[in-house]
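Novice: Build me a model:
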Amino acid sequence: MSQLLNSLLTEQRRGNLTLAVLSQLRTPQYGYSLVKRLEDSGITIEQSTLYPLLRRLEKKDLVTSSWDTSESRPRKYYVLSDYGEDVFQTLKKEWKKATNELFRLLEEENNEMD
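Specialist: Got it, this is the predicted structure:
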């Protein structure tokens, strides 16, 4: 695969991962539980990708975090902020719109080739 194609696929995946992560933070999740939930949905994400993404989302006030120290192993939980919920709903709406438009466009191209 060419370097350009790899770059384009990485860019596309980055946006999809952000939306996927936001979609799972409507209830508090810690890192491993989030990785597991995404994997159960068919989305693979490495912890080395997830944690920097969570920090970026927190820095942008889209998610908040808190430590749960009630168990033997402390866990940092992440959840959407109110602002994050608003942003997530807008991103989801735009993703659906763009997906539908691209699907129609690509179907038209397939029909023209027949």
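Novice: The residue lying closest to residue 27 once chain neighbours are set aside: what's it in contact with?
Specialist: In space, and not counting its chain neighbours, residue 27 is closest to residue 79: 6.9 Å by Cβ to Cβ, 6 or more residues apart in numbering. All C-beta spots, glycine's among them, are computed from the backbone N, C-alpha and C. Neighbouring residues of residue 79 by Cβ atoms under 8 Å, 6 or more residues apart in numbering: 25, 26, 27, 28, 29, 63, 64, 65.
Novice: cool, and residue 88?
Specialist: Contacts for residue 88 (Cβ under 8 Å, 6+ apart) come out as 19, 22, 23, 26, 62, 80.
Novice: at 7 Å instead, please
Specialist: 22, 23, 80 (Cβ atoms under 7 Å, 6 or more residues apart in numbering).
Novice: what residues are up against the last one?
Specialist: So the one you mean is residue 80. 22, 25, 26, 62, 63, 88.
Novice: what do you get for residue 38?
Specialist: With Cβ under 7 Å, 6+ apart, residue 38 has these contacts: 20, 24, 45.
Novice: let's see 6 Å
Specialist: Applying Cβ atoms under 6 Å, 6 or more residues apart in numbering, we find residue 38 in contact with 20, 45.
Novice: Distance check, it against residue 24.
Specialist: Per Cβ to Cβ, to the nearest Å, residue 38 is found 7 Å from residue 24.
Novice: for residue 8, same thing?
Specialist: 25 Å.
Novice: Counting neighbours, go ahead and name the busier of these two.
Specialist: residue 24 (17 against 11; other Cβ atoms under 10 Å).
Novice: ok, back up a step: adding secondary structure and pLDDT as columns, could you present the contacts of residue 88 in CSV?
Specialist: CSV is the format used below for the contacts of residue 88 (DSSP: H, G, I helix; E, B strand; the rest coil; pLDDT from 0 to 100):
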residue, secondary structure, pLDDT
22, helix, 97
23, helix, 97
80, strand, 98
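Novice: Which residue ranges of this protein form helices?
Specialist: Ranges of helices within the chain are 3-24, 31-40, 47-59, 82-113, based on DSSP state H.
Novice: Go through the ones you listed and name the closest to residue 70.
Specialist: helix 31-40 (15.5 Å; Cβ to Cβ).
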